[in-house]
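K.L.:
only geometry, no sequence info:
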């Protein structure tokens with residue numbers, strides 16, 4: 001095994017053990033738990049997927065919390081991309097999922113990948129939420145208006161106007177290589193996601 005791969009494996013193992021153990025570093029919502037809205041148990045899935053593995057990912061341009069527009073197309077030929085759609089700000093699982101990606105940035109770097117976080121919330125809501133959770137290293141994008149347009153193009157817009165908890169791995173050519181429309185009540189496996197990135201050229 002190459003030195004880089006060995007370092008990545010050791011780092012991943014450590015991060016995975018932290019996440020699996022439910023370490024406080026992952027449960028950032030504990031720091032502001034009184035502000036988290038309890039959604040209760042939701043229907044696990046409430047949409048019809050409109051894309052599939054092997055096809056070109058629909059392009060989009062969305063406004064970032066940090067300012068300015070971010071387009072999927074700007075990464076074509078440069079970076080692998082992971083799209084992380086989450087249902088809503090200030091909700092329990094979402095408030096744990098994205099902070100978890102903060103502690104494994106090196107793994108995304110190792111796979112030459114960027115993460116784009118997307119919700120149908122507006123910019124002020126996302127600004128407040130992400131500041132509370134600890135500013136993410138990745139762009140957080142608002143699909144607020146036209147409401148859920150990007151989520152709808154991918155087929156992950158739910159009937160209540162929120163999005164599914166969904167992951168799309170897109171290679172440097174802009175082709176979708178992996179899709180996980182997850183049970184909205186559960187956090188997707190970081191180990192599985194990293195395994196999918198490992199498969200990319």
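P.N.:
Thanks, I have it. Just so we're clear, the structure is a prediction, and the values are computed from it rather than from any experiment.
K.L.:
Give me the phi and psi angles of the residue nearest the centre of the chain.
P.N.:
Nearest to the geometric centre of the chain sits residue 84, at 2.3 Å (Cα atoms, centre = their mean). In this entry, residue 84 is assigned phi and psi values of phi -120, psi 100 (degrees, to the nearest 10).
K.L.:
which residues does the residue nearest to it when sequence neighbours are not counted bridge with?
P.N.:
Leaving aside its sequence neighbours, residue 84 sits nearest to residue 117 (Cβ to Cβ, 6 or more residues apart in numbering; 5.0 Å). For the C-beta atoms, the positions are set from N, CA and C on the backbone; glycine is no exception. Beta-bridge partners recorded for residue 117 (DSSP bridges): residue 84, residue 140.
K.L.:
quick one: the residue nearest to the centre of the chain from residue 104, how far?
P.N.:
Applying Cβ to Cβ, to the nearest Å, the value for residue 84 to residue 104 is 13 Å.
K.L.:
Next: residue 137.
P.N.:
In terms of Cβ to Cβ, residue 137 sits 10 Å off from residue 104.
K.L.:
in stretch 44-61, what's buried?
P.N.:
45, 47, 51, 57, 58, 60 (16 or more other Cβ atoms under 10 Å).
K.L.:
quick one: which of those is nearest residue 108?
P.N.:
residue 57 (17.4 Å; Cβ to Cβ).
K.L.:
residues near the residue nearest to residue 84, how many?
P.N.:
Counted with other Cβ atoms under 10 Å, residues neighbouring residue 117 total 22.
K.L.:
circling back to that earlier point, where do the contact lists of residue 84 and residue 104 overlap?
P.N.:
Counting by Cβ atoms under 8 Å, 6 or more residues apart in numbering, no residue touches both residue 84 and residue 104.
K.L.:
Okay, now the unreliable bits of this protein?
P.N.:
By pLDDT under 70, the low-scoring segments of the chain are 1-32.
K.L.:
For the closest residue to residue 145 other than its chain neighbours, grab phi and psi.
P.N.:
Of all residues not flanking residue 145 in the chain, residue 122 sits nearest, at 7.7 Å (Cβ to Cβ, 6+ apart). Backbone torsions of residue 122, given as degrees, to the nearest 10, read phi -80, psi 170.
K.L.:
From residue 92, how far off is residue 122?
P.N.:
Applying Cβ to Cβ, the value for residue 122 to residue 92 is 20 Å.
K.L.:
for residue 37, same thing?
P.N.:
For residue 37, the distance to residue 92 - Cβ to Cβ - is 8 Å.
K.L.:
quick check, residue 167 in a strand?
P.N.:
Yes. Counting by DSSP: H, G, I helix; E, B strand; the rest coil, residue 167 is located in a strand.
K.L.:
OK, contacts around it?
P.N.:
So residue 167 contacts 82, 83, 84, 85, 178, 179, 180, 182, 188, 193 (Cβ under 8 Å, 6+ apart).
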